[in-house]
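Student: coords below, sequence missing:
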């Protein structure tokens, strides 16, 4: 039998999940449910002699204010708006257009070559922006018309674009990893280093799939005809087009990995670098700067709005003993420690069908993180594994945001069913990557170990 406070915790979680389906803003749902259950629990304790754990008087609202203030005072989160600005400015800089033009000239002559080009650009954008929406929209607008012209299957082309765009949530600098580091008090640099190899590995797995399927099923993609011969000048021009993106990646990630700058300082370097690239390509003017600044402010406000609601939700949940209840519930599962981690990953995967990664990171991760640590696992490894599992949330319907982004800009001949069919193989590839990281921890832990070993 459950104790009274445990029943309240279950009711609180159930109410939040049900209200999500109303379409009401998540930040308001989190804050509203927190206030509702705070007041209800206090009234139940004071007037009906109901045991509500530590949530027994009105001082809980003072605790909420203190936690919100502490959250907003965290200097790590200063990196968020600057990384968002960097991604949005890079989207407007013309770098991706130049990459696509040169990659099509070089790879378009091969079967599946356009798909390889799109994923390669997706990897470069991921390591430069970290914003999934911007990457998916940009890749779709640049590549889908060309791929359809070359007789690519609509489902195949859609799956390539949607999955390549999601790499930005895992490959550093990743906004998701910054938020996860904040939630579990981990070093952002450690998570960035730990996620680099799994993120690039996932991109290479996508490329391998595209190449193999294009060879086995020739009708799914066609090479571009009447292409000029490959010359040294063409190869050099393509390499030169990659230089700006690589330079920005080295400036941001290199400064973090070498210990020259903190992630917050590196975010400032990235924002300045993206602005310089836009100016060098002749794409920087007051209209662009204004538009990018407004979008940065709106995106940052959205993220921090959910942050504040999730902070209030977490305060109430912990005051009701929710973290202890969920921890004991997980540890009571008759499985090995590895089996419990698998259960947590399955919960995250299923939650991704209905919730955005941000809500899952802010609500579920702080509850399961201490449990995983108590089981003896490295938290850096687990967080990267958790992030890799959450990446599927961008592709899984009905709340797969990459699917919405793609449908919004896709040519009319690409139907919703094509997009859904196209992402299924890539979801399976993502789950395969989760299994590889689960069984081979060094994919995450090797690079941080080398960094600190060298230091």
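Tutor: Cool, got the structure. Note that this is a predicted model, so its numbers are computed, not measured.
Student: which helix runs longest in the protein?
Tutor: When the chain is parsed with DSSP state H, its longest helix is helix 286-319.
Student: and the next helix or strand past that one?
Tutor: Downstream of helix 286-319, the first helix or strand assigned by DSSP states H and E is helix 322-331.
Student: between that next one and helix 286-319, how many degrees?
Tutor: Angle of helix 322-331 versus helix 286-319, following axes from the mean of the first three to the mean of the last three C-alpha atoms, to 10 degrees, is 80 degrees.
Student: now do helix 322-331: which elements does it pack against?
Tutor: For helix 322-331, the packing partners by 3 or more C-beta pairs under 8 Å, 6 or more residues apart in numbering; DSSP states H and E come out as helix 4-20, helix 337-351, helix 365-374. No exception for glycine: its C-beta is placed from N, CA and C like everyone else's.
Student: and that helix, which residues are buried?
Tutor: Going by neighbour count (16 or more other C-beta atoms under 10 Å), the buried part of helix 322-331 is 322, 323, 324, 325, 326, 327, 330.
Student: of all those, which comes closest to residue 242?
Tutor: residue 330 (45.0 Å; C-beta to C-beta).
Student: the closest one: what's it in contact with?
Tutor: Neighbouring residues of residue 330 by C-beta atoms under 8 Å, 6 or more residues apart in numbering: 340, 343, 344, 368, 371.
Student: could you redo the last one with a cut-off of 6 Å?
Tutor: By C-beta atoms under 6 Å, 6 or more residues apart in numbering, the contact set of residue 330 is 340, 371.
Student: likewise residue 414?
Tutor: 154, 158.
Student: and if you look at residue 223?
Tutor: By C-beta under 6 Å, 6+ apart, residue 223 lies in contact with 109, 110, 111.
Student: do residue 141 as well
Tutor: residue 409.
Student: which element is it on?
Tutor: If you go by DSSP H and E, residue 141 is part of helix 132-149.
Student: okay, buried residues for that helix please.
Tutor: Going by 16+ other C-beta under 10 Å, helix 132-149 has these buried residues: 132-144, 146-148.
Student: where's the residue most central in space within the chain relative to residue 83, distance?
Tutor: Closest to where the C-alpha atoms of the chain average out (C-alpha atoms, centre = their mean) is residue 169, at 2.8 Å. The gap separating residue 169 from residue 83 is 12 Å, by C-beta to C-beta, to the nearest Å.
Student: and what of residue 276?
Tutor: Plainly put, residue 276 is 16 Å away from residue 83 if you go by C-beta to C-beta.
Student: looking at these two, which has the bigger crowd around it?
Tutor: Using other C-beta atoms under 10 Å as the criterion, residue 276 and residue 83 rank with residue 83 on top: 27 against 16.
Student: determine the three-state secondary structure at that one.
Tutor: What DSSP: H, G, I helix; E, B strand; the rest coil gives for residue 83 is helix.
Student: nearest spatial neighbour of it, skipping sequence neighbours?
Tutor: Closest residue to residue 83 apart from its sequence neighbours, by C-beta to C-beta, 6 or more residues apart in numbering: residue 267 at 4.9 Å.
Student: residue contacts, that neighbour?
Tutor: Counting by C-beta under 6 Å, 6+ apart, residue 267 makes contact with 79, 82, 83.
Student: with adjacent residues omitted, what lies nearest to the second one?
Tutor: Okay, so that is residue 82. Sequence neighbours aside, residue 267 is the residue nearest to residue 82 in space, at 3.7 Å (criterion: C-beta to C-beta, 6+ apart).
Student: likewise for the first one?
Tutor: If the residues on either side of it in the chain are set aside, residue 79 comes closest to residue 267, at 3.9 Å by C-beta to C-beta, 6+ apart.
Student: just the pLDDT for the one you found.
Tutor: Per-residue confidence (pLDDT) for residue 267: 87.
Student: which SSE is it in?
Tutor: Once you assign secondary structure using DSSP H and E, residue 267 falls within helix 263-280.
Student: now do the buried residues in that helix.
Tutor: Neighbour-count burial for helix 263-280 flags 263-278 (criterion: 16+ other C-beta under 10 Å).
Student: so that helix versus helix 286-319, what angle?
Tutor: 160 degrees.
Student: hmm, back to that, for the residue nearest to the centre of the chain, give me its contacts.
Tutor: Residues in contact with residue 169, defined by C-beta under 6 Å, 6+ apart, are 132, 176, 391.
Student: let me know the closest of these to residue 296.
Tutor: Taking C-beta to C-beta as the measure, residue 296 lies nearest residue 132 of the contacts of residue 169, at 15.5 Å.
Student: just the pLDDT at the closest one, thanks.
Tutor: 75.
Student: what do you get for residue 280?
Tutor: On pLDDT, residue 280 comes in at 89.
Student: the one 3 residues further on now?
Tutor: What the model reports as pLDDT for residue 283 is 90.
Student: can you tell me how far it is from residue 191?
Tutor: Plainly put, residue 283 is 32 Å away from residue 191 if you go by C-beta to C-beta.
Student: ok, those two, which is more surrounded?
Tutor: A direct count of neighbours by other C-beta under 10 Å for residue 283 and residue 191 places residue 191 higher, at 26 against 15.
Student: residue 197: neighbour count?
Tutor: As a burial measure, residue 197 scores 18 neighbours (other C-beta under 10 Å).
Student: and the residue nearest to it when sequence neighbours are not counted, what is it in contact with?
Tutor: Leaving aside its chain neighbours, residue 197 sits nearest to residue 443 (5.3 Å; criterion: C-beta to C-beta, 6+ apart). Shown in contact with residue 443 (C-beta under 6 Å, 6+ apart): 197, 198, 437.
Student: closest one of those residues to residue 232?
Tutor: For those, the minimum distance to residue 232 (C-beta to C-beta) is 32.0 Å, reached by residue 197.
Student: next up, phi/psi of that closest one, please.
Tutor: Torsion angles at residue 197 (phi, psi; degrees, to the nearest 10) stand at phi -70, psi -50.
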